[in-house]
Structure formats: structure tokens, C-alpha cells
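Engineer: A structural model of the following input is requested.
(chains A and B)
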Protein chains: 2
Amino acid sequence: MLKTTTKLLVASALIAGLSTASMAKDKVYKWKLATTWGSTLSPFFDAPTNMAKMVEEMSNGQLKIRVDASNKHKAPFGVLDMVKGGQYDMGHSASYYWKGKDINTLPFSTMPFGMTTPEQYSWFYHGGGMQLMEKVYKKHKVLSFPGGSSGSQMGGWFREEIKTLDDLKGLKMRIPGFAGEIMAKLGLTVTNIPSGELYTSLERGTVDALEWVGPGMDIKMGFHKIASNYYTGWHEPGLDLQFLVNERKFKKLPKNLQQILITAMRVSAYDMYIQNYHMSSEAWAKMEKEYPNIQVKTFPKPVMDAMKEANTELRKEIVKGKPLLKEILDSQEAYQKKVRKWTEMSDYLYLKDNLK
Amino acid sequence: MLKTTTKLLVASALIAGLSTASMAKDKVYKWKLATTWGSTLSPFFDAPTNMAKMVEEMSNGQLKIRVDASNKHKAPFGVLDMVKGGQYDMGHSASYYWKGKDINTLPFSTMPFGMTTPEQYSWFYHGGGMQLMEKVYKKHKVLSFPGGSSGSQMGGWFREEIKTLDDLKGLKMRIPGFAGEIMAKLGLTVTNIPSGELYTSLERGTVDALEWVGPGMDIKMGFHKIASNYYTGWHEPGLDLQFLVNERKFKKLPKNLQQILITAMRVSAYDMYIQNYHMSSEAWAKMEKEYPNIQVKTFPKPVMDAMKEANTELRKEIVKGKPLLKEILDSQEAYQKKVRKWTEMSDYLYLKDNLK
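Structural biologist: This next block holds a predicted model:
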């Protein structure tokens, strides 16, 4: 039998051991996430919010993520830099916002005449997309993950109907990014206007047309009250948002918390797609009922052909001297060519037989 | 200063306290899941396998789920009963397999001329579908969750081309379920044949036609080697599989493990849809290259119209005296009518302008 003092020592050692193990295991990680969006921009802002909620519940409060809207950190387009620099552990934004810093980030959001949402997710998860995204973001020392798809976006609200290519010439339109460059090639004057001024700009004729997202997000903006030509999409067939994670911070997390974080990001991205699908369906039903004069139109074939031609030319120009960008665009193009055949055989032909 | 013996008592009490708390928190839960599928049936079997892996990693090994294929438990269509009875904690199957026991389980898989995958998930998560599913499964004391979508399935392999309604009369076809009843109304002899005998049946002419899933899963079966008319789908536009959980066992899990389980089921269901999308695209490319004689066809309009008519009649018959079934089918129909308009404006018209 051990002596009392020995017993005491053993007991103390046991307590110390248990406490240390318990402390390491129970260490609470408090993270911050910066979004490009304001807190009322549903469903974009909902994706990181839902993600943080799931993480906290699954980790039993061990990983808490505070989600900051853009009005808090005042740098909506500084999200990549803030995550890179460690001021924020995570971000929620869109990859194509970083094209000025690194052109290779462009294709991970969406490309004109590109893949639909299920096609793009197939490419990400089974067609080499994730590996290419990792390759691009490694040099920024951040990890990048799909952050939620808007689905196919609408081509925008036009005050006047577009009957010919000539109707586009001289038109002032708010349409940012690569799609804006295509429209500029077709003779439009392309401008970018802060979102808060869009409604007034369209109402006063400062712009003749603009695109935003789709019915689910457009309805709050009120464009349907002042323009009645709602064109179908061509330029953002499956815009995907992006979760960014500081690589160094991620590596410091225990393995199970890493897995919890990855899973929560993955599911909240899918969820956002479904949420926006529902919101668009509800919003369109409301718009159609309250404003029966709104007409859904597709651009006439000559306009569409001119857009496609401009797109092909711009893609050729943009990859010059940029082998990694070329590699990514080539990978998407090859994947799309193959997967589109399946989309046609399955959903497309099913829908064709069941519409009207 | 406390006396040594008192110290010892305090120390012992502390150890005991820590151990108990630690034990409760670290208690390992070992669960078993029964699938309707064999272990080689990809991607159906992959969904529960991936789910179990995620759960184990996220819970740091605290919840381990053993996934049993059908050859292990020998009761592929006994999954609901085994989960209900507690022999298994969980299951992975398809809701419409239980229609013989409870007709209200039928609509949660898919319905002929029904919703596509994103439409159906919007209904589940935002259109009241989950609440209706809960209502149906509550009486069986199990929880039911979406378990992965096959996407739009193909209408099947036909040895001869179908040019008129008359070509269908007397044809022997393997097509199970509600869709089989529709085909029977059109004059086909509908049979069900175990999957292992399907290839030989088609080869020897025991059946003239059969449907399975789509290229991704059909390719292993080899039907493309012996039939060249591949018809597009109408009967299972977004077949969703199902996770089943024994309610009593679920309630015994700590809250964070419940959340881990729910999240892992949810993400692995979405993942299966994307996996099958990719597999179908790859498989079709291979089939098309190796068997260039295969032709993708849609049924002629009079055939399609007759199917729709039979579908409408059968739906009217089936709900007689079944108010809950009527409530579910009405909910789906109303949701589909609304959401289909958005599908048409977004993906459908985008694809239409970009095919050929």
C-alpha cells in the first residue's frame, strides 16, 4: 500500500494531467469573418451566418465565428487582403473581385456562356476545379472554397426592348466585369454605379439598362417598377461566391475543428443555391402578379451571336502570356463541353417536353 | 492549511468529478447503418459511406457509424423496419420503397412529370416538404432526411424505336413503381426483374425495354451494348434517396453530435447529386464514343401526351380516401407550378440559347 504522501502526489499528477488534456481539448477558438456584403443582402450574407451557426453547434462552442458585415469593417473589396494579413481569420466574397490583384482568380466565380451551377460544382469537386483553385490561392497563403451559387442570373432590366444589334449601340448600362467588356465591344457605354444609386439611375435615365442578380435579389431593389423588359441571362450562368480562410490560422485548429469548418462551408454553399432558387421563384410570382406588364425576353439571335463572338475574342486576348489562366479556362471549357451533353439529355430535354 | 487526509479527499473528489465529466463528454457512440444497396453501387452506397466518414472526423471519433451493405443484413427492403425496431440506428434507402406499408411515403422520392433536383430541394427546405415528411414518418418513430438525388433519370433502353403509341402496346418492360402503372395503362406488360438478371433479360428478349438510372449507373450494367435507343426521362426527374434515423436513439445523442449527424447527412446528399452528375457526363462520353450507333431520343408527342393523361388519372385514383397523401401531392403540385417558371427563365432559356 502506498503511503499517504505518495498517494497525494499521484492524485495531484492525475489532476494536472487531466486538466491539461481537458484544457487543450476544450480550448475555445474565437474567429472573425469579413464579408463583402451588408447584413441585409440575403441570401449572400446568410451563407456565412448559417455556416458560423453550424460550426458553433457542431463544435459545442469550441469554434465561434463572428461574422462582420461590410459596414462594420468598411472594406468590402479588401476581404482577400484582410484574410491574407490575418486581421480576419476568414472571409466571404467572390473570387472575381480579386482579378485586379491576380487575374487567375477570375474564372472561379462564373464566366459568360459558361457552366450552370451543377456543372460548375461537378467541375470543382470532380473535374479538377478545386486543385486549380488551390494552385491559384496558395501564393496568397489563403484557402479558398465554394461559397454558394446564385444559379443562373438574369441578363438585366432594359427600359426599351432590344430588337436589333443597333438598339444596343450607345446604350448606357451598368454591367460589371468581363461581361461589361463584352457589352463595350458591342457598342454600349458600360458604367459601374454603387448599388444604393442604381434605382435612381435607372429611373432618371442615367442608365438605360442594368443587371443585378435575379428576381430573388432584384425585387428589393425595385427595378421591376420602372423597367418592363427583363432579359434572360448569358453572362453569369452560375455565379459562385467564395469562402476564404487564412492558411496559418487553419493549420492551428485541431483536426476535428478543421473538418467541422470545411463541412459547414460546403453545406452552406449548397444551401445558398437552394435558398436563392426558392427566393427567385417566390419573387417572380409576386412581380408577375403585381406588374403584369413585365415581359421576359431573350436577346435576338444576332445579338446573342455578337456577344458570343466578342466573348471568344476577349478570352483569346486575356490569356496571352498567362499560362495558368489559360490552363484554368481550358480546363473549364473541356469540362463544360462534356458535361453539357449530359445536361441536355437530362434536365434540358425533360423540361423541353414539359413546358407549355 | 488543510490536513493531508483532507487534501487527499479533495484530490480524489476532483479526480472523480473530472473523470465523470470527461467520460460523459467523451462517451463513444457506436452506430450501425443499413443500406438497401450493395457496396459496389456507386454513388448510392457512397452517400452513407461519406456521411459516416465525415461524422467520425468531425466528432473526433465520438460517433462511429458502421455502414452495412445489403449482402450483410440480407434485407434490402427491410431497412425501414430494422431502423424502426432498433436493430439498426440508421438506414439509407428510398422513401417510395415503403409505399406498400404506408402510401404517404411515396411522393418524397420523385413523381412522374414532377420536380427537378433543385426544385425538389427548394420544396424540401423552403416549401414545406420537410414538415410534411416529418408528419408522415413521425408515426413510424423514425426521422427522415434527404439522402441524395440521382438528378433527372433516363426513360430507358429500348431495343426498337418507339414511333407511335401502337409501338408500345404489348411491349414487355422493366419499370417499377408508379411509372410502371402508367406504362401498364398504355398497354405495356410491366415486369420487375432482379438487377442481376436485367442484362440477360434484355439480351434474350425476355424484356423489350428497361429503365435503370442514367449513364453514370447504367454503364456498369452494359445495356448500351445490346440496345441502341436511349430515351430521355419523364418518370423520375429528381429521384431523392433517404436517410432514416431511429428517433429514440437520436434523442440520446448529445446536442453537438445530433448537429454533426444532421449536417453530414445534408452535405453528403448534395454531394451525391454532384457526383452522379459527373459520373453521368463521363459515362455518356464513353458510351457515345464506343457505341456511336446509340441514339438519344425523346418519346413522340402523342406518346408523351398519353403518359401525362394516364399520370393525371392515376393521381386522382390514388388519393381517394387518403387526405394526407392528397395534401402532400397538392403541396408538390402548387410548388412545382410556381418554381418551374423560374427554372424556365433561368437554366432552361440559358441552355436553349446555348445548345447547337
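
Engineer: show me where pLDDT drops low in the stretch 1-150 of chain A?
Structural biologist: The model of the stretch 1-150 of chain A has pLDDT under 70 over residues A:1-25.

Engineer: quick one: contacts for A:Ala75?
Structural biologist: For A:Ala75, the contact set (C-beta atoms under 8 Å, 6 or more residues apart in numbering or on different chains) comprises A:34, A:81-82. Placement of C-beta: from N, CA and C, glycine included.

Engineer: how near is it to A:Leu198?
Structural biologist: 21 Å (C-beta to C-beta, to the nearest Å).

Engineer: A:Asp26 now?
Structural biologist: A:Asp26 is 48 Å from A:Leu198, by C-beta to C-beta.

Engineer: take the contacts of A:Ala75 and keep only those in strands.
Structural biologist: Residues of these located in strands (DSSP state E): A:Ala34.

Engineer: got the CA positions of stretch A:204-211 in CSV?
Structural biologist: Extracted in CSV, the C-alpha atoms of stretch A:204-211 (Å, rounded to 0.1, in the frame of the first residue of the first chain):
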residue,chain,number,x,y,z
ARG,A,204,-33.8,59.1,-64.2
GLY,A,205,-32.3,57.6,-67.3
THR,A,206,-28.7,58.0,-66.2
VAL,A,207,-28.6,54.4,-67.3
ASP,A,208,-30.9,52.7,-69.9
ALA,A,209,-30.3,49.2,-68.5
LEU,A,210,-28.7,47.3,-65.7
GLU,A,211,-28.2,43.8,-64.4
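
Engineer: the residue lying closest to A:Gly86 once chain neighbours are set aside: neighbouring residues, count only.
Structural biologist: Counting by C-beta to C-beta, 6 or more residues apart in numbering or on different chains, A:Gly86 lies nearest to A:Asn246, which is 5.7 Å off, once chain neighbours are set aside. A count of neighbours around A:Asn246, defined by other C-beta atoms under 10 Å in any protein chain shown, yields 23.

Engineer: can you tell me the element A:Asp333 falls in?
Structural biologist: For the record, residue A:333 is Glu, not Asp. Take DSSP states H and E as the rule and A:Glu333 turns out to sit in helix A:323-343.

Engineer: what comes up buried for that helix?
Structural biologist: Going by neighbour count (16 or more other C-beta atoms under 10 Å in any protein chain shown), the buried part of helix A:323-343 is A:325-326, A:328-329, A:331-332, A:335-336, A:338-343.

Engineer: A:Thr105 is in contact with A:Ser93, isn't it?
Structural biologist: No. Using C-beta atoms under 8 Å, A:Thr105 is not in contact with A:Ser93; the gap is 10.4 Å.

Engineer: the two - which one has more neighbours?
Structural biologist: A:Ser93 (27 against 24).

Engineer: list the contacts of the more buried one.
Structural biologist: A:35-36, A:76, A:79-80, A:147, A:241-242, A:244.

Engineer: against A:Ser70, how distant is it?
Structural biologist: Taking C-beta to C-beta as the measure, A:Ser93 falls 10 Å from A:Ser70.

Engineer: overlap in contacts of the two?
Structural biologist: Shared contacts of A:Ser93 and A:Ser70 (C-beta under 8 Å, 6+ apart): A:35-36, A:76.

Engineer: tabulate these in CSV, adding columns for distance to chain B and neighbour count.
Structural biologist: As requested, those are exported to CSV (distance: C-beta to the nearest C-beta, whole Å; neighbours: other C-beta atoms under 10 Å in any protein chain shown):
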residue, distance to chain B, neighbour count
A:Thr35, 21, 27
A:Thr36, 23, 23
A:Pro76, 26, 16
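
Engineer: and A:Ser268, how far from A:Asp89?
Structural biologist: Applying C-beta to C-beta, the value for A:Ser268 to A:Asp89 is 16 Å.

Engineer: what of A:Val207?
Structural biologist: 38 Å.

Engineer: need the contact partners of the host helix or strand of A:Tyr350.
Structural biologist: A:Tyr350 is part of helix A:349-354, with elements assigned from DSSP H and E. Contact partners of helix A:349-354, identified using C-beta under 8 Å, 6+ apart, comprise B:113, B:116, B:152, B:232-234, B:237, B:296, B:298-299, B:304, B:340, B:343-344, B:347-348.
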